[in-house]
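[1] based on what follows, work out the 3D shape:
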Amino acid sequence: MRVVDESLIFDVDLEDYDEKVLQASDSVPVLVDLWAEWCSPCLVVAPILKQLVEEFDGELKLAKVEVDEGENMKLAGRYQVRGFPT
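    Below is the predicted model:
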């Protein structure tokens with residue numbers, strides 16, 4: 001099993017979302033994972049998303065947004081997310 005380059009999977013929050021996600025999406029698609037620590041399905045999906053990034057071998061990035069931290073729930077509202085994981 002390969003180790004995933006840390007620059008391909010990164011955490012974002014409300015303050016740096018536009019900069020990190022939109023900037024990264026100029027070069028490759030960025031999958032945004034809106035998740036919560038209490039969300040069991042989120043924890044099940046997390047390793048699958050990591051594997052997907054591995055399989056795309058640098059052609060896909062994963063941005064992780066912990067919706068329960070700070071103002072991050074506003075990102076869920078911006079994109080009309082009503083359930084997690086998304």
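
[2] neighbours of Pro47, how many?
    Neighbour count of Pro47, defined by other Cβ atoms under 10 Å: 9. Every C-beta, even on glycine, is put in place using the N, C-alpha and C of the backbone.

[3] chain center to the one helix or strand it maps to, what's the gap?
    Taking DSSP states H and E as the criterion, Pro47 maps to helix 40-55. Here helix 40-55 shows a centroid-to-chain-centroid distance of 10 Å under the convention Cα atoms, centre = their mean, to the nearest Å.

[4] tell me the buried residues in it?
    By 16 or more other Cβ atoms under 10 Å, the buried positions in helix 40-55 come out as 42, 45-46, 49-50, 53-54.

[5] need the next SSE after it, C-terminal direction.
    Per DSSP H and E, the first helix or strand lying C-terminal to helix 40-55 is strand 61-66.

[6] contacts for that next one, please.
    7-13, 17, 20-21, 24-25, 28-37, 49-50, 52-53, 72, 75-76 (Cβ atoms under 8 Å, 6 or more residues apart in numbering).

[7] which outside residues touch the helix or strand bottoming out on mean pLDDT in the chain?
    The helix or strand of the chain with the poorest confidence is helix 23-24; it has a mean of 89 (mean pLDDT, DSSP states H and E). Applying Cβ under 8 Å, 6+ apart, the contact partners of helix 23-24 are 30, 61, 63.
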